[in-house]
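In: got a sequence here, can you model it:
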Amino acid sequence: MRTSRSWMVSLAFFLVAVAVAMWLYPRLPARVAVHWDIHGRVDNYMPRLWSASFPALMILALAGLTWILPAISPRRFEIRPFAQVYALLMLATQGLVLVLGMATLLAAAGYAIPMPALGALGAGALYMILGNYMGKLRKNFFVGIRSPWTLASDAVWERTHRVAGWLFMLAGLLVVVLTLAGGPLWLTLALLVAAGLIPYGYSLAVYKRLQRDE
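Out: Numbers count the residues shown, from 1 in each chain. Alright, predicted model coming up:
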């Protein structure tokens, strides 16, 4: 995806977030529920102004990082070789922020939004997108499985990200299916955490194996 097109999509996300915030702001309570525990109970609130502003500000920050991180990447760790994939993943993250941000405000305004389930579905969908493109990431300091062992070896980076791609895809799919089937939130959370952590242990194992073979 070209940089100009990425900025246009980010701008559209930002304007939608601003429009929804302005529309719902008069109906929001003084304190807006913004986080739920694994049992579906609210465990954190945010003042009305900040809760209404947060999605648009977060999208703006992510759009800024989409431009800043490639510019500050050190030599041999550049993002530019996979810039299109990087921009797409950043847009997917912005899209998730937009959806969950709008849903949070709608729920606070009195609409029946199943926020914990929606959050799990969004995380599962994002994991599937990340998994689909994980193998196309090249060694860098900002995106992907950035363990000491993947950053030390191109071979470890490539093998780890191939495995991580399948793990993310599988975990994301299972999370979506379990959530739609009414499964427990703790299980979906455990799947997401496991898929995120296993590649780090795998990268160490691959690094040690390659060292023994040298």
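In: all strands of the chain, in order?
Out: Secondary structure of the chain (DSSP state E): strands at 31-36, 42-47.
In: closest one to Gly101 among those?
Out: Nearest to Gly101, of all these, is strand 31-36, at 9.4 Å by C-beta to C-beta. The way it works is simple: take the backbone N, C-alpha and C, and place the C-beta from them, glycine included.
In: then the closest one to PDB, C-alphas only?
Out: Presented in PDB, the C-alpha positions along strand 31-36 are these (Å, rounded to 0.1, in the frame of the first residue of the first chain):
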ATOM      1  CA  ARG A  31     -17.400   8.600  33.700                       C
ATOM      2  CA  VAL A  32     -17.300   6.100  30.800                       C
ATOM      3  CA  ALA A  33     -16.500   2.400  31.200                       C
ATOM      4  CA  VAL A  34     -13.500   1.600  29.100                       C
ATOM      5  CA  HIS A  35     -12.300  -1.800  30.300                       C
ATOM      6  CA  TRP A  36     -13.800  -5.100  31.300                       C
END
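In: Serialize the strands of the chain to JSON lines and add fields for mean neighbour count, mean pLDDT and distance to Thr66.
Out: JSON lines is the format used below for the strands of the chain (neighbours: other C-beta atoms under 10 Å; pLDDT from 0 to 100; distance: least, C-beta to C-beta, whole Å):
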{"stretch": "strand 31-36", "mean neighbour count": "18", "mean pLDDT": "87", "distance to Thr66": "24"}
{"stretch": "strand 42-47", "mean neighbour count": "14", "mean pLDDT": "87", "distance to Thr66": "25"}
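In: okay, those strands in TSV with distance to Tyr86 next?
Out: Shown next, in TSV, are those (distance: least, C-beta to C-beta, whole Å):
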stretch	distance to Tyr86
strand 31-36	28
strand 42-47	30
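In: closest to His161 out of these?
Out: With respect to His161, and counting by C-beta to C-beta, the nearest of the strands of the chain is strand 31-36 at 30.6 Å.
In: mind listing the helices for the chain?
Out: Ranges of helices within the chain are 3-24, 48-72, 83-108, 115-133, 148-152, 154-180, 185-213, based on DSSP state H.
In: burial of the closest residue to Asn132 other than its chain neighbours, as a residue count?
Out: Leaving aside its sequence neighbours, Asn132 sits nearest to Met169 (C-beta to C-beta, 6 or more residues apart in numbering; 6.5 Å). Counted by other C-beta atoms under 10 Å, the residues lying close to Met169 total 18.
In: OK, contacts around Met169?
Out: Listed by C-beta atoms under 8 Å, 6 or more residues apart in numbering, the contact set of Met169 reads 127-128, 131-132.
In: ditto for Ile79
Out: Ile79 is in contact with 69-70, 73, 86, 140, 142-143, counting by C-beta under 8 Å, 6+ apart.
In: just the buried ones from those, in PyMOL syntax?
Out: Remark: buried members of these, expressed as a PyMOL selection using 16 or more other C-beta atoms under 10 Å:
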select buried, resi 69+70+86+140+143
